[in-house]
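>>> any chance you could fold what I've pasted below:
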Amino acid sequence: MAPSFGWWGKQGHRGGGTPVVVKMETPKNWSISEIQTPSDEEYFYPNEDILPNEQSTKLRNKNAKQLTWVLLLKAHKAAGCLTSLATALFSLFSIIRRRVAAGRTDTTDTLVAENPNVKSRFFTFIKVFLFLSLVLLGFELVAYFKGWHFSASDLHLKYLYTLSKSLVVKDVFGSVYSRWVLIRVEYLAPPLQFLANACIVLFLVQSVDRLVLCLGCFWIKFRKIKPVAKQAPMDLESGEEGGGYYPMVLVQIPMCNEKEVYQQSIGAVCNLEWPKGKILIQVLDDSDDPETQLMIKDEVHKWQQEGANIVYRHRVIREGYKAGNLKSAMNCSYVKDYEFVTIFDADFQPASDFLKRTIPHFKDNEDLGLVQARWSFVNKDENLLTRLQNVNLAFHFEVEQQVNGIFLNFFGFNGTAGVWRIKALEGSGGWLERTTVEDMDIAVRAHLHGWKFIYLNDVECQCELPESYEAYRKQQHRWHSGPMQLFRLCFLDIIRAKISIWKKGNLIFLFFLLRKLILPFYSFTLFCVILPMTMFIPEATLPTWVVCYIPATMSFLNILPAPKSFPFIVPYLLFENTMSVTKFNAMVSGLFQLGSAYEWVVTKKSGRSSEGDLASLVDKKPKHHRGVSEPDLEELQEEIKKQAEKAAKKKKHNRIYTKELALACLLLTAAARSLLSAQGIHFYFLLFQGISFLLVGLDLIGEQVE
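I've put the predicted structure just below:
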């Protein structure tokens, strides 16, 4: 049906009558350009007199003054916006100039053992991609203003071919552009569309997996399903230890140059409620700094004076990182006297009843090899980076770990805040240094040997999140390269294992391929490569629901376990796509055993959790229990405050990340190209994603690093 247009009559008449709308139907053979707005004489005023000339003149003058003021206000706002924009751009260029002049980029982080040529290949690919996109953007702009903005939806291929011949003499640029359209239609669009469709399929499969996990979590909450211990230990203060379940427990605290957090970790572990004669604490110090070694040794000696059963161990030959440290500690002769081993990283502070809530699950459950507790974060609200990390890890523990633990009796060991049956640990081969994810390695091998796992979502252990992007990036690189190393090493073991086909399929397709390989692959390929390319090759398309609706739905599901983070749902979606660069690079390095696959850097701690945790311990005033004495926490708190003030005086700096900056330019270039095609959703996604990459590339998210 043809559109209709209507004009209202003027309301400044004496009688105050109701105006009437006159609608004019546009004939079907009219174009919009042929429709003209009627003049004042063509307006229709029903049953009213025309305003007197004097009154109408005053009204026009008044309206003119009001219009002038409105225009002046709008012009003032526009000038203010332009000034603010100019200031922001000037500040941005100043930041880039200072960072480049300082030479603090991610390219300076290359390890000695890593081949720089291998590390630069990925960046070279991004730079070439960016250069081509800039060339094509200039090409498209010229074509757009010349009127030769062709696409497959506008012209048939046969007509394009005829047009290219006819434009050879008249316009060389028109001929070149029409041939470029033919090339992209015939040769570039089909493979790009095929790759896009393949990534969409992977995207949908991963989304279904995420939805199934959420439904499983909902079912657990609805039915109130959780592991229940057969017998809990008796209260130590009642003196009825004989009736409780108190096996021999070895507690290990591996650390390496952790001078910011070692005190509260040792203090929290020494306050665990367990009989003194049935617990031994090993502080496994791999520090290469003599000053740090001395500080940790003095701390252990102080707790020995307080009556804690704690020992200090330092390796002379430091090989194998954390796995080598744990393996060396398990070779001690006295370990054979203990039945269970509990591991806490240097920044973890377990509650005093941690062992009383985890160890009882092993009683009369000889198939149980691991009990894993949940992490909680003392600095989750410190900055935007920690808030976004909290969203990811809340989903991991609340949904992934809990669902896999309830329905499969298997999940990846988190490396800390867990209790192992030593028999299961040694029977599965013990700690191996072959990957950077020794925790996942031992979990997979134990699962292949038939051991079951339990995850306790209601038992939390406090720890600290990385507050700088540099620390978080290195942590994520290790977490995503290690699983691919492990998959290469244990694939044949999974095939040969005497477990059910269902368990083999779960390990290969869900645990490794879908969640460790496919997820970073399609995130980077789909949103950082294919989407920008479709802007320059519009014959290949990505539907709006792939760009907007499905990612928004998945982000909504991810953020459900952390409801306080709902205001950050958009930054979370953008930041996850930004991190796909690091995760994809790490995944490829691990899968093909490139130089950076074995890069191990201890996650930098800020020590912010120290003061708050110790203050809470002081407020609680823990009661004396058998085998454990109360430390002087107030003195410890004052000492940590002094260290925090001293650390704050140290000079810190930001750096720039070249891959993220190059991708920011690429996405912003693609956003500019999308304006020519008037693709609203695609433009806004590319614009905000490009800004996200820009902020991360300039290290404007999180804290500064030393």
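>>> how about Y469, nearest residue that isn't a chain neighbour?
Using CB to CB, 6 or more residues apart in numbering and skipping the chain neighbours, the partner closest in space to Y469 is G702 (4.5 Å). Just so you know, the C-beta spots here come from the backbone N, C-alpha and C atoms, and that holds for glycine as well.
>>> R318 too?
D286 (5.4 Å).
>>> ok so, going back, number of nearby residues for the residue nearest to Y469?
Neighbourhood size, G702 [other CB atoms under 10 Å]: 24.
>>> contacting residues for it?
The contact partners of G702, by CB atoms under 8 Å, 6 or more residues apart in numbering, come to N383, L384, L385, T386, P466, E467, S468, Y469, Y472.
>>> G690 too?
Neighbour list for G690: A664, C665, L666, L667, L668, A670, A671 [criterion: CB under 8 Å, 6+ apart].
>>> looks to me like A373 is in a helix.
No - going by DSSP: H, G, I helix; E, B strand; the rest coil, the assignment for A373 is strand, not a helix.
>>> which residues of this structure fall in strands?
For the chain, applying DSSP state E gives strands covering 4-8, 21-25, 249-255, 279-285, 310-314, 340-343, 349-350, 368-377, 418-421, 452-463.
>>> can you tell me the strand partners of the longest one and which way each runs?
Read it as strand 452-463. Applying DSSP bridges, strand 452-463 is found paired with strand 349-350 (antiparallel), strand 368-377 (parallel).
>>> how about those strands in a markdown table, adding mean neighbour count?
Below are these laid out as a markdown table (neighbours: other CB atoms under 10 Å):
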| stretch | mean neighbour count |
| --- | --- |
| strand 349-350 | 26 |
| strand 368-377 | 23 |
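>>> V300 is nearest to which of those?
With respect to V300, and counting by CB to CB, the nearest of these is strand 349-350 at 16.6 Å.
>>> show me where the stretch 151-300 of the chain has its helices.
157-170, 172-183, 189-223, 262-270, 290-305 (DSSP state H, counting those that start in this stretch).
>>> against which helices or strands is the longest one packed?
Contacts of helix 189-223 with other secondary structure elements, assessed using 3 or more CB pairs under 8 Å, 6 or more residues apart in numbering; DSSP states H and E, are made with helix 402-408, helix 519-524, helix 531-536, helix 550-559.
>>> specify the angle between it and helix 550-559 in degrees.
Interaxial angle of helix 189-223 relative to helix 550-559 (axes from the mean of the first three to the mean of the last three CA atoms, to 10 degrees): 30 degrees.
>>> and helix 189-223 with helix 172-183, angle?
Calculated by the same axes, to 10 degrees, helix 189-223 forms an angle of 50 degrees with helix 172-183.
>>> now do the buried residues in helix 189-223.
Neighbour-count burial for helix 189-223 flags 189, 192-193, 195-196, 199-200, 202-203, 206, 209-210, 213-214, 216-217, 220 (criterion: 16 or more other CB atoms under 10 Å).
>>> before we move on, what about the last one?
The neighbour-count check on helix 290-305 (16+ other CB under 10 Å) flags T292, Q293, M295, I296, E299, V300, K302, W303 as buried.
>>> who wins on neighbours among the contacts of G702?
Ranked by neighbour count (other CB under 10 Å), those have Y469 at the top, with 26 neighbours.
>>> where's that one relative to F362, distance?
Using CB to CB, to the nearest Å, we find Y469 at a distance of 40 Å from F362.
>>> before we move on, what about T553?
Note on T553: its distance to F362, by CB to CB, is 40 Å.
>>> for I499, same thing?
Going from I499 to F362 by CB to CB gives 22 Å.
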